[in-house]
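Trainee: Test case, fold it:
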Amino acid sequence: MIIRRPAAERGHANHGWLDSRHTFSFADYYDEAHMGFRALRVINEDRVQPGHGFGTHQHRDMEIISYVLEGSLAHRDSMGTGSTIVPGDVQRMSAGTGVRHSEMNPSSSEPVHFLQIWLLPEQRGIEPGYEQKRFDAADKRGLFRLIASRDGRDGAVTVHQDVNLYAGVFAAGERSRVTLPPGRHAWIQVSRGGITVNGQALNEGDGAAVSDEVELEIDATADSEVLVFDLA
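Mentor: Predicted coordinates for the structure are as follows:
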């Protein structure tokens, strides 16, 4: 069963400096039919204007992944971490018992376009942590590359939840397959371009909840970038 979440039906907030699309309920956008999927709680597609961003604020008991599509994002936190992430980088912050952080667009001329992803952790009150790794486009070209997992295998960042997150970059006409073990579920998010999943069309910004499927045949109908969450 594949249930499409159309991009146009997402929540929307425009604050001038920030244009944000919410796949699931977030902040002032509430939709009881879209509160998350399995352990996946938030996918926000954010566009932040030059010189602006999210000032210092606090989170706790959440696994937060940032995936930059265009531009750059400067991170600072109360753990003493300071870094800038660009396309190809994957940032994971475990909020645990509590972290204060900021995420800013350091550019004076270019916006930043990124996905903000929240996962519910397996347990509350863990020690906060930060991790950042790079996966070049060549690492994801024509296939789904593991970028986050509970065990951090194959060079992925480590998340405190039973999830495998894959990213793929495909040229129009390319095909890939994803096999789901029995009892597993998936969320597919089209970051750019367009695909079909077992014949069902998904366009840029669309997502899809997948259950009771053994294999997913993914065909790129345009040059595309796609995330696949393999979830318990």
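
Trainee: Tally up the residues packed near Ser107, please.
Mentor: Residues lying near Ser107 (other Cβ atoms under 10 Å) number 16. Quick note: C-beta positions are derived from backbone N, CA and C, even for glycine.

Trainee: Relative to Arg47, how far out is it?
Mentor: Separation of Ser107 from Arg47 (Cβ to Cβ, to the nearest Å): 13 Å.

Trainee: Then Gly55?
Mentor: 17 Å.

Trainee: So which of these two has more stuff around it?
Mentor: Of the pair Gly55 and Arg47, Arg47 is the one with more neighbours under other Cβ under 10 Å, namely 18 against 9.

Trainee: so where does the more buried one fall, helix or strand?
Mentor: strand 40-48 (DSSP states H and E).

Trainee: Over to Glu225?
Mentor: Glu225 belongs to strand 224-231, assigned by DSSP H and E.

Trainee: From the contact counts, what lies against that strand?
Mentor: strand 163-170, strand 185-192, strand 194-197 (3 or more Cβ pairs under 8 Å, 6 or more residues apart in numbering; DSSP states H and E).

Trainee: Out of those strands, flag the one nearest Asn203.
Mentor: Proximity to Asn203 (Cβ to Cβ) singles out strand 194-197 among these, at 4.8 Å.

Trainee: So what's the residue count around the closest residue to Tyr29 other than its chain neighbours?
Mentor: Of all residues not flanking Tyr29 in the chain, Gly11 sits nearest, at 3.0 Å (Cβ to Cβ, 6 or more residues apart in numbering). Gly11 has 18 neighbouring residues, counting by other Cβ under 10 Å.

Trainee: Kindly report the same for Val159.
Mentor: Neighbour number of Val159 under other Cβ under 10 Å is 25.

Trainee: That one contacts Met62, correct?
Mentor: No - with contacts counted by Cβ atoms under 8 Å, Val159 stays clear of Met62, the gap being 10.6 Å.

Trainee: what is in contact with those two at once?
Mentor: Leu119 (Cβ atoms under 8 Å, 6 or more residues apart in numbering).

Trainee: Let me see the domain layout of the chain.
Mentor: 10-134, 137-231 (automatic domain parsing).

Trainee: List the residues that contact Thr158.
Mentor: Contacts of Thr158 (Cβ under 8 Å, 6+ apart): 92, 131, 148-152.

Trainee: Same question for Gln91.
Mentor: Gln91 touches 65-67, 73, 75, 83, 85, 130-132, 157, counting by Cβ under 8 Å, 6+ apart.

Trainee: What pLDDT is listed against it?
Mentor: Among the per-residue scores, Gln91 holds a pLDDT of 97.

Trainee: After the helix or strand containing it, which helix or strand is next?
Mentor: Here Gln91 is covered by strand 89-94, with elements defined by DSSP H and E. Next along the chain after strand 89-94, taking DSSP H and E as the criterion, comes strand 99-104.

Trainee: low pLDDT regions in this structure?
Mentor: For the chain, no stretch is flagged by pLDDT under 70.

Trainee: Ser149 pairs with what?
Mentor: Thr158, Asn164 (DSSP bridges).

Trainee: Surely it is in contact with Gln161?
Mentor: No - look at Ser149 against Gln161 with Cβ under 8 Å: they stay out of range, at 9.4 Å.
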